[in-house]
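A.B. asks: generate a structure from the sequence data that follows.
(2 chains)
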Amino acid sequence: MKYITIIIASLLLFSCEKAFFGPEPANSPEENFEILWKTLEERYSFFEYKSVDWDSVYQAYRPRVKADMTERELWNLLTEMLDILQDGHVNLRSEFDTYFYPWYEGAPENFDRFFLEENYWGDFEITGSLFNAVIDSVGYIWYRSFNGPIREDDLDYLADKFAGLKGVIIDIRNNEGGNPENGFRLARRFADERRHIYTTIYKNGPRADDFTEPDEAFLEPEGKRLADKVVVLTNRTTYSAGNFFAAMMKAFPNVTLIGDRTGGGGGAPVGWELPNGWAFNFSSSITWLPDGFIIEHGVAPDIRVDWTEEDRAAGKDTILEEAMGWF
Amino acid sequence: MKSPFLKQARLWALLGLLSAVQAAYAQDEKPRLRYLELGLGITSHRLQDPAVSPMAYIGAPLAIELGFEKRKPHSISRLALAGDIGRLASKNATELRPMASSYFQIDLSYQYLRRLPPLSTGRFTWFLGGRYRWHNSIRLTPQNDTGFISFFIANSISVSVRGETAFQLFGRQVELGWTGALPLLSHVIRPSYLNVYNYLDPEHDWLKERLEASEVLTLNRFQGLQSRLELTYPIAGENQLRFAYDWGFYHYDGLRRVNAARHGFTVGIRIRM
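C.D. replies: Okay, here's the model as predicted:
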């Protein structure tokens, strides 16, 4: 009996950790709103840059949250509030819908993959994630998503294929991003020397001015060089990792950007969740070019070109034609 | 010139001394026991990590233990490798809103205990010593996108105490033991404030950054307890079965507070070496 008492006492004694745990937030419209608003207040990186007064947003939206509102009503309210940030890296996800800000809205389309395939690519190859062709003695690569892995072997193959050509065009139009590491791998094949590509600070605390020390990022050449002369094609749909790729390529004097300004997405997105299970992302950093230009709203091309209707009717891609004329 | 007799006498004296020392030790000699232990079981975890979710995550990962224990008349040492693997989820989770993490925990520990003769006069034998523990708790939460990996890594030096007693059960002498450990000094590694690594810098050194942000803490900012209640039952061939109930808790008071608790029931076989 004595031993049974010891065992029971031990079980009771050792199960007392609940006293240390804080209460969990309720799964109510009010609490879900509060957590989303508060999380952004403490962790979102662009309030000052975008001149958004987040407290006044609270004053405007909090009274509209009702205990008896439906999930759809809460969703509509939250996404309306998030729209104020005008940030494609801010999104809200549930099983019935996904919200994101359409950063490309109103911009010229400037890209048509099937048009290119029909009029330019000829006998193209798809090496890993890279569509590639030789067009009038110029190497051409279309990279449609930075989520597509780029392997060093793919780049070695293309370096051999493009050897002796006039140069290479990297087409990242409509590339909405993915893993920046793929961009580093590709850019290293064009870099002429180690260069400062951009500088980044991350939020590191809840106060508005809590940021890490500036981190200067450098990129240096590595592997078989793909070309000495490079043109990168961009449009407004180029976003996120595509935006960072354009930014880093701008640092190299042998690279020219042609097309439209990229769509932006210059804050590293990071995710969390609400008590009701909706997941959300938000920007957590600020990046600027060596000249101080913040890339949240995109990277400007060296040569601004839009695709004209006349050229389309004539079977020409104005932006690609401009790039071809660059060699 | 030295005499051969004197040289021989010294040799005999040395051999005599060695023999006396050996005899003295032999009088105190008691059996030294060594056990290799393999255990399997089930756990119950409760985790409050704001790098994962505003909600607490709970679950019942599986546990596996591998241990080596050496018992001498006055000391016990134990080297153990323990792992938990499973899934933790919020109470609000549904099939369409997973609110869940894959959970992995690996602990490597070494404990050394010395018998306390003044306290070991009754039916209980008491030991006091120290414990080193390398605790790794990793949670993978896909819905958090780039912030999907959260972790808590702690290297701790603890003060440790053990009490044990023996009694008859089903005609056999079983041993009941309890061990408690309180971390006094810990080196803690946590994710960044945003739980995101600097993936925008091609030359970024993640490990260097995390080590630079790590902290050495004492009881004021890292409170924890580990407790283990064991019942050891002899079986054939001087081997043993061990039934253990573990309870562990820690509270990390950093920029991102963590509360974690673990209960574990394991059944192990102890093989006499």
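
A.B. asks: what sits closest to residue 166 if chain neighbours are left out?
C.D. replies: With no chain named, the answer covers chain A. A:Phe327 (4.2 Å; Cβ to Cβ, 6 or more residues apart in numbering or on different chains). The C-beta positions use only the backbone N, C-alpha and C, and glycine is treated the same way.

A.B. asks: actually it's chain B I care about, not the one you picked
C.D. replies: The nearest residue in space to B:Ala166 (Cβ to Cβ, 6+ apart) is B:Glu175, at 5.0 Å.

A.B. asks: phi, psi of that neighbour?
C.D. replies: When read as degrees, to the nearest 10, the backbone of B:Glu175 gives phi -120, psi 130.

A.B. asks: roughly how far does it sit from chain A?
C.D. replies: To chain A, B:Glu175 is 11 Å away according to Cβ to the nearest Cβ, to the nearest Å.

A.B. asks: which SS class is A:Ile35?
C.D. replies: Applying DSSP: H, G, I helix; E, B strand; the rest coil to A:Ile35 yields a three-state assignment of helix.

A.B. asks: which SSE is the residue nearest to A:Lys166 in?
C.D. replies: For A:Phe327, there is no host helix or strand (DSSP states H and E).

A.B. asks: just B:Leu81 next, same as before
C.D. replies: Counting by DSSP H and E, B:Leu81 is found in strand B:75-89.

A.B. asks: parallel or antiparallel, which strands does the very next helix or strand once past that strand pair with?
C.D. replies: The helix or strand immediately downstream of strand B:75-89 is strand B:100-115, counting by DSSP H and E. Here strand B:100-115 is paired, per DSSP bridges, with strand B:75-89 (antiparallel), strand B:125-140 (antiparallel).

A.B. asks: with mean neighbour count added, can I get those in a markdown table?
C.D. replies: Converted to a markdown table, the strands paired with strand B:100-115 look like this (neighbours: other Cβ atoms under 10 Å in any protein chain shown):
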| stretch | mean neighbour count |
| --- | --- |
| strand B:75-89 | 18 |
| strand B:125-140 | 19 |
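
A.B. asks: how about those, which one is nearest B:Tyr245?
C.D. replies: strand B:75-89 (13.8 Å; Cβ to Cβ).

A.B. asks: name the residue of chain B that lies nearest to chain A.
C.D. replies: Proximity of chain B to chain A (Cβ to the nearest Cβ) peaks at B:Arg97, 2.8 Å away.

A.B. asks: tell me the contacts of the nearest residue to that residue once chain neighbours are set aside?
C.D. replies: Once flanking residues are discounted, B:Arg97 sits nearest to A:Gly277: 2.8 Å by Cβ to Cβ, 6+ apart. Taking Cβ atoms under 8 Å, 6 or more residues apart in numbering or on different chains, we find A:Gly277 in contact with A:Ser94, B:Ser90, B:Asn92, B:Ala93, B:Thr94, B:Leu96, B:Arg97, B:Pro98, B:Met99.

A.B. asks: ok, residue 148 - contacts?
C.D. replies: You didn't pick a chain, so chain A it is. Neighbouring residues of A:Gly148 by Cβ under 8 Å, 6+ apart: A:Gly128, A:Ser129, A:Leu130, A:Gly178, A:Asn182.

A.B. asks: wrong chain, I was asking about chain B
C.D. replies: A:Gly271, B:Leu140, B:Thr141, B:Pro142.

A.B. asks: A:Ile286 versus the spatially most central residue of chain A, what's the distance?
C.D. replies: What sits nearest the mean C-alpha location of chain A, by Cα atoms, centre = their mean, is A:Ser240, with 1.9 Å. For A:Ser240, the distance to A:Ile286 equals 15 Å [Cβ to Cβ, to the nearest Å].

A.B. asks: and what of A:Phe244?
C.D. replies: Noted for A:Phe244: a distance of 13 Å to A:Ile286, by Cβ to Cβ.

A.B. asks: for chain A, which segments count as strands?
C.D. replies: Using DSSP state E, the strands found in chain A span residues A:91-93, A:98-100, A:125-127, A:130-135, A:138-143, A:168-171, A:195-202, A:215-219, A:230-234, A:255-259, A:269-273, A:279-283, A:285-288, A:303-304.

A.B. asks: whoops, the stretch 101-250 of chain B was the one
C.D. replies: Using DSSP state E, counting those that start in this stretch, the strands of the stretch 101-250 of chain B run over B:125-140, B:149-169, B:172-189, B:215-217, B:222-234, B:240-252.

A.B. asks: near chain A at all, the fifth one?
C.D. replies: Same thing as strand B:222-234. Yes - applying Cβ under 8 Å from any Cβ of the partner chain, one finds strand B:222-234 in contact with chain A at B:Gln223, B:Ser227, B:Leu229.

A.B. asks: what are the bridge partners for the last one, then?
C.D. replies: So the one you mean is B:Leu229. Judged by DSSP bridges, the bridge partners of B:Leu229 are B:Trp178, B:Tyr245.

A.B. asks: burial of it, as a residue count?
C.D. replies: A count of nearby residues for B:Leu229, using other Cβ atoms under 10 Å in any protein chain shown, gives 19.

A.B. asks: ok, it touching B:Arg242?
C.D. replies: No - judged on Cβ atoms under 8 Å, B:Leu229 makes no contact with B:Arg242 at a distance of 10.8 Å.

A.B. asks: so what's the residue count around A:Ala268?
C.D. replies: As a burial measure, A:Ala268 scores 27 neighbours (other Cβ under 10 Å).
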